[in-house]
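**Q** Make a model of this:
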Amino acid sequence: MIRLTDIKLPLDHAEGAIEAAIRARLGLGKGGVLGFTVFRRGHDARKRGHIQLIYTLDVEVADEKGLLERHADDKHVQPTPDTSYRFVAHAPADLKQRPIVIGLGPCGLFAGLLLAQMGYRPIILDRGKAVRERTVDTWALWRKRKLEPESNVQFGEGGAGTFSDGKLYSQISDPLHHGRKVLTEFVKAGAPEEIMYVSKPHIGTFRLVTMVESMRETIESLGGEIRFNQRVEDLLIDTAADGSRQLRGVTLASGEHLLSDHVVLAVGHSARDTFFMLHDRGVYMEAKPFSIGFRVEHPQSIIDQARFGPQAGHALLGAADYKLVHHCKNGRSVYSFCMCPGGTVVAAASEPERVVTNGMSQYSRNERNANAAIVVGIDPEDFAAFDDSGSPLAGIALQRALESRAYELGGRDYSAPAQLVGDFIKGRASEEFGSVQPSYKPGVRLTDLAPSLPGYAIEAIREALPAFDRKIKGFGMNDALLTGVETRTSSPVRIRRNETYQSLNTQGLFPAGEGAGYAGGILSAAVDGIRVAEAVALSINGGK
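**A** The predicted structure follows:
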């Protein structure tokens, strides 16, 4: 097969236009193309009203070798790479210990799935509930203002990604095509086939719920064991005379000990009590940068019109998204994050008397508002104002302080503080809504958001919003709505690991995914889960 890239065609091209473009690119006559498949389809919307589709195609021809030789200087004509997945190992017949996976978000789910597919019969622990029960608890916060600390947007089967837009794209380096394995498994679990070829695939919450259940059933059918409501409270560590440390298992909150020399730590970025336990047990970790800010809501129609112009609403384009960044005079950078077209802003708290926002969309992306996080990058040096101990966990103190302040500004009932963009820029409290109605449940309270973030963050966002309006007309509209606060953009810590994916100072512990600081989103977390599962398998088989 030959892979052709950068094939551009009009948005409403004729049915035979793709084959005609292939023949033109390769210099073939009619009949020269034996067949083709679409590997990727994206679009170029830089010229509104003249949006083009951009294809990557895998083409079958009669004289593949000759064509490749004739187009040797064309970087857009190359052999189709082999993206099939191959297992690195298989469990020995006399497997003495089963590996343990802590966490059942995207990373833990794929680590468990790969280990099960390789025959290692993993034991997977999650502090939360199965996804259906977890959904009930999550809606209890949104509709009844009742928070369940162990079962919410952050904790439970599927992880935080379950209540999101379900984005399945990433900018990670993936030379072994692990991302393709992720997408393939998602399709097997019920995702639409289009995620294999659209440039920015997404699934949406409702579909993710059924897919997670299907993948759980697959793991169990292969001998894996999944235990819910099982919080890991301690590690069992042997320390040798030379100071080297070997993990031997875990202790659950129930007091039960589970023994294993291979434990995948795939907790999410909100597992704060687990981070403190790991720090107390001497597992090496360090503070890492993350970002803080608000959710902004606009009418989706304004974003569609600004991005697509007269072609807004086209079926192949769907609801428009955006990606923005602004470098501020005070040295900070403000950027959009986790943009959810046609979605809602959701309550994402996991601790009592704190308010956290996140974004969510369904597969249809047909809600009235678009929303995205507008966040400011912060560094460990910024954490000292909230915890000057020098602890690698100081970022958690910052998060908790801002989330508690948001709870107070929202009225102490899990409502979120909110402000119209026009009022925010002018520095005055909002008193009534304009044309944009908030989607956040259980509700919002209009106020002045300035006290909700450090002064440098408020200053930076105030500068960035008009700059974003110059890029997307209407972004700075007075009636657009800011809702606070967004503090869980990524983990505040990194649990460092070596070239074998094990903790720097605790052999047998495999930090992975978002919570360990090695991923940011569903796809990258799932890919990291695959990589770590492979490392565990090789370690078990090689005894390293």
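**Q** All the helices of the stretch 351-500 of the chain, residue numbers only.
**A** For the stretch 351-500 of the chain, applying DSSP state H, counting those that start in this stretch gives helices covering 394-409, 421-426, 455-471.
**Q** Looking at the ones you listed, which is nearest to Glu15?
**A** Counting by C-beta to C-beta, Glu15 lies closest to helix 455-471 out of the helices of the stretch 351-500 of the chain; the figure is 35.6 Å. Just so you know, the C-beta spots here come from the backbone N, C-alpha and C atoms, and that holds for glycine as well.
**Q** low-confidence ranges in this structure?
**A** 543-544 (pLDDT under 70).
**Q** Determine the longest helix present in it.
**A** helix 522-542 (DSSP state H).
**Q** Using CSV, write down the CA coordinates of that one.
**A** C-alpha atoms of helix 522-542 as CSV (Å, rounded to 0.1, in the frame of the first residue of the first chain):
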residue,chain,number,x,y,z
ILE,A,522,-7.9,10.3,27.3
LEU,A,523,-5.7,9.2,24.4
SER,A,524,-2.3,10.1,25.9
ALA,A,525,-3.3,8.5,29.2
ALA,A,526,-4.5,5.3,27.4
VAL,A,527,-1.2,5.2,25.4
ASP,A,528,0.8,5.6,28.6
GLY,A,529,-1.2,2.7,30.1
ILE,A,530,-0.2,0.5,27.2
ARG,A,531,3.5,1.5,27.5
VAL,A,532,3.5,0.7,31.2
ALA,A,533,1.6,-2.6,30.8
GLU,A,534,4.4,-3.6,28.3
ALA,A,535,7.0,-2.6,30.9
VAL,A,536,5.3,-4.7,33.6
ALA,A,537,5.1,-7.7,31.3
LEU,A,538,8.8,-7.5,30.3
SER,A,539,9.7,-7.1,34.0
ILE,A,540,7.7,-10.1,35.0
ASN,A,541,9.1,-12.3,32.2
GLY,A,542,12.7,-11.0,32.6
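**Q** Could you name the helices and strands sitting against it?
**A** The contact analysis (3 or more C-beta pairs under 8 Å, 6 or more residues apart in numbering; DSSP states H and E) places helix 522-542 against helix 106-117, helix 178-188, strand 263-265, strand 509-511.
**Q** For Ile219, find the nearest of those.
**A** Using C-beta to C-beta, the nearest of the helices and strands packed on helix 522-542 to Ile219 is helix 106-117, at 4.6 Å.
**Q** in the closest one, what's buried?
**A** In terms of neighbour count (16 or more other C-beta atoms under 10 Å), helix 106-117 has its buried residues at Pro106, Cys107, Gly108, Leu109, Phe110, Ala111, Gly112, Leu113, Leu114, Leu115, Ala116, Gln117.
**Q** residues contacting the fourth one?
**A** Residues counted as contacts of Leu109 (C-beta atoms under 8 Å, 6 or more residues apart in numbering) are Gly158, Gly159, Val212, Met215, Arg216, Ala526, Gly529.
**Q** what's the burial count for the nearest residue to Pro492 once chain neighbours are set aside?
**A** Take Pro492 and drop its neighbours on the chain: the residue closest to it by C-beta to C-beta, 6 or more residues apart in numbering is Gly395, 2.9 Å away. The local packing of Gly395 (other C-beta atoms under 10 Å) involves 27 other residues.
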